[in-house]
Structures are given as C-alpha cells and as structure tokens.
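> Make a model of this:
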Amino acid sequence: MDLTVRSVTDIDYESLLQNGKSVFLFDFDNTINLWKSSEIPDKVLDIFEYLKSKGATVVIVSNGKPRKLNCEVQVIWRAMKPLVWKVKIKLKELLQDKEKVVVIGDQLFTDVLFGNLLGAFTIKVDPLDTRREFLSTKILRLFERLVFKFQRKSGERC
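I've put the predicted structure just below:
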C-alpha cells in the first residue's frame, strides 16, 4: 500500500494528477458510500467531476451486486477483487500504463491487494462504517488489524 488516509476526501488528487496519475479506480461499499447504499454523497460526486474535468478517468470497481447509481461513471460490479482478470478485460486500454493507475479502497485484502496485483498506486482509506458488513469482511478486518499492529511494531510499510 502506497498511502493511507482517513477518507476519499482527504486525498490530494491534484498532486496525484501532477504526478501523472489519470485512471482512478474506486471501491464502492464503505469507501465512497455506506455498505449496500446506492446514494453517492455530493462531496464524492464533486471529486469525480473534478477528476473528469482534468481529463482523468473514474471507474467504480465493486465486488457488490449491481445497483443503479446517481453518477455518470463506469462501474464494474461483481469484480471479484482481489482477482484482476475481470477488470483487466473490461479496462484493457486504460490499464496499459500501470504508472497512471490509482486504486482507492477500504480493505487491505481485497482493494489494496487488487491494486498491487494490477501494479497500481494504492490508497487505503478507513471504512465508513464497519458495523454492518458480511461476516467474511469482519474476519478480514481482524487480520487487517493484526497486519497494521505488526507494521507499527516493525516500523515497516505494507
């Protein structure tokens, strides 16, 4: 993981753009909105519009079931992260230059691992709400805490 921040609103998108990043892959549930919600907050929509106005491509990549969203960006549902093949097939042209790709998500073992397997710059955000999640996600979050605890003790980056 290249960077950790509290939320998608804390990311310095201008700096990323200046450093040649132009493809932004956002996780959906618990990254840009609450789990199982279809409503994207205005502040996130503003980020999407800002990125698009700068010539960047914004894609939502979710393991969740298809839902109708209130935004005009490409969405890949049931992406099966951390596996990369489905996203690579759908975004073949966009993923040619891995140096341009940023993956943003709230889970270490799905989103960040997915981004690392793509060869992308990865940003982990804090989950918006961990009270309502699948049991498997809760178990993975336990392992995440162990990884971060070990990371702090050893002084290493993930």
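> tally of neighbours for the nearest residue to residue 105 once chain neighbours are set aside?
Using Cβ to Cβ, 6 or more residues apart in numbering and skipping the chain neighbours, the partner closest in space to residue 105 is residue 111 (2.4 Å). For every residue, glycine as well, the C-beta is placed using N, CA and C. Counted by other Cβ atoms under 10 Å, the residues lying close to residue 111 total 28.
> surely residue 111 meets residue 118?
No. When contacts are counted by Cβ atoms under 8 Å, residue 111 is not listed as touching residue 118 (10.8 Å).
> Could you confirm residue 58 falls within a helix?
No. Residue 58 is assigned strand when assessed by DSSP: H, G, I helix; E, B strand; the rest coil, not a helix.
> right, and it touches residue 22 too?
No. Judged on Cβ under 8 Å, residue 58 makes no contact with residue 22 at a distance of 10.1 Å.
> What distance do you get for the residue nearest to residue 99 when sequence neighbours are not counted to residue 74?
Among residues not flanking residue 99 along the chain, residue 20 sits closest, at 6.2 Å (Cβ to Cβ, 6+ apart). According to Cβ to Cβ, to the nearest Å, residue 20 stands 21 Å off from residue 74.
> Likewise for residue 101?
When residue 101 is compared with residue 74 (using Cβ to Cβ), they lie 14 Å apart.
> go on, residue 97?
18 Å.
> Same check on residue 28?
Distance, residue 28 to residue 74, by Cβ to Cβ: 12 Å.
> For those two, indicate the residue with more neighbours.
residue 28 (24 against 13).
> neighbours around the residue nearest to the more buried one when sequence neighbours are not counted, how many?
Closest residue to residue 28 apart from its sequence neighbours, by Cβ to Cβ, 6+ apart: residue 62 at 3.7 Å. Neighbourhood size, residue 62 [other Cβ under 10 Å]: 22.
> contacting residues for residue 62?
Residues counted as contacts of residue 62 (Cβ atoms under 8 Å, 6 or more residues apart in numbering) are 27-29, 75-79.
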